[in-house]
Structures are given as structure tokens and as C-alpha cells.
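**Student:** Need a 3D model of the sequence below.
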Amino acid sequence: QVQLVESGGGLVQAGDSLRLSCAASGRTFRTDAMGWFRQAPGKEREFVAKISWSGGSTYYGDSVKGRFTISRDNAKNTVYLQMNSLKPEDTAVYYCAKARPGTGWYIVQPTSYGYWGQGTQVTVSS
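**Tutor:** Alright, predicted model coming up:
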């Protein structure tokens, strides 16, 4: 079993930065890819970023590429999402999730992730 707890959300202005953290407990954290998703009211859950188990490979959704950076510290069982140049359209609940073992690298559907945190709200005002 894996437990994921996000933190770091809040209310910021457009152009500001935030860093989200996802603390994991339980087994297998260090052996699986991790991802960040977000969901705005009335919209489907959207892929944001993904990082390999080693941290050596990353993959981003088009809407955040160049502004967001995903990283992980396996010694601390934590995944991070550094968000820069935030826009009002980035407003959403942000979730971290652990990929199911064997999931293809470019598979980003939420169903390919087996464990989810409770989410943290990010609100960007204009």
C-alpha cells in the first residue's frame, strides 16, 4: 500500500511561483514513476508532468511545458512540482499519483495510475 499526501498549494497572483510537494509512504515508491495531474471545476483530470523512478526522465503536458518542473528525492520519498509563471488557467486541484508498474512512458491517462493523493488547491488570480 502507498499513501500520498500533497502540500504547498495556495492563492497566488498571475506570474508568481509555487512549489508543490508529495510525500509518499509505504512500499515501492522508489521503483515506480510518479506523476502530477490537475482538475479544474467542470473539467476532466489533466496530465501535468511525470518523472521516472530514478528522476532521470521527465515528461510534461503541453500546457505547462517550459513553466513547470517535476523532480523527486527518493531519500525523502518526496516528489515536487515547481510551478513558475503561473496563469489563472492553472487554477485547479493538483494531485500526485503513482504509476502502475509496467505503464508505458507516454501513457498519461489517469487510469494508468494506481495510487492518488487527496489533492491540494492552487488558485491563481489575475
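
**Student:** Quick check: chain neighbours aside, which residue is closest to the residue most central in space within the chain?
**Tutor:** With distances taken as C-alpha atoms, centre = their mean, residue 36 lies nearest the centre of the chain, 1.9 Å away. Nearest-residue entry for residue 36: residue 48, 4.3 Å, with adjacent residues in sequence omitted and distances by C-beta to C-beta, 6 or more residues apart in numbering. The C-beta positions use only the backbone N, C-alpha and C, and glycine is treated the same way.

**Student:** for residue 101, same thing?
**Tutor:** Leaving aside its sequence neighbours, residue 101 sits nearest to residue 32 (C-beta to C-beta, 6+ apart; 6.1 Å).

**Student:** May I ask you to confirm that the one you found is in contact with residue 53?
**Tutor:** Yes. In this structure, residue 32 is within contact of residue 53 by C-beta atoms under 8 Å, at 5.7 Å.

**Student:** what about the two, which has more around it?
**Tutor:** Taking other C-beta atoms under 10 Å, residue 32 and residue 53 do not tie; residue 32 has more neighbours (20 against 16).

**Student:** Flag every buried residue along stretch 63-82.
**Tutor:** Within stretch 63-82, the residues scored as buried using 16 or more other C-beta atoms under 10 Å are 64, 68-70, 72, 77-81.

**Student:** can you tell me which two in those are farthest apart?
**Tutor:** 64 and 77 (23.7 Å; C-beta to C-beta).

**Student:** quick revisit: for the residue nearest to residue 36, give me its contacts.
**Tutor:** By C-beta atoms under 8 Å, 6 or more residues apart in numbering, the contact set of residue 48 is 35-38, 60-61, 64, 68, 70, 81, 94.

**Student:** So which of the residues you listed belong to strands?
**Tutor:** 35-38, 60, 68, 70, 81, 94 (DSSP state E).
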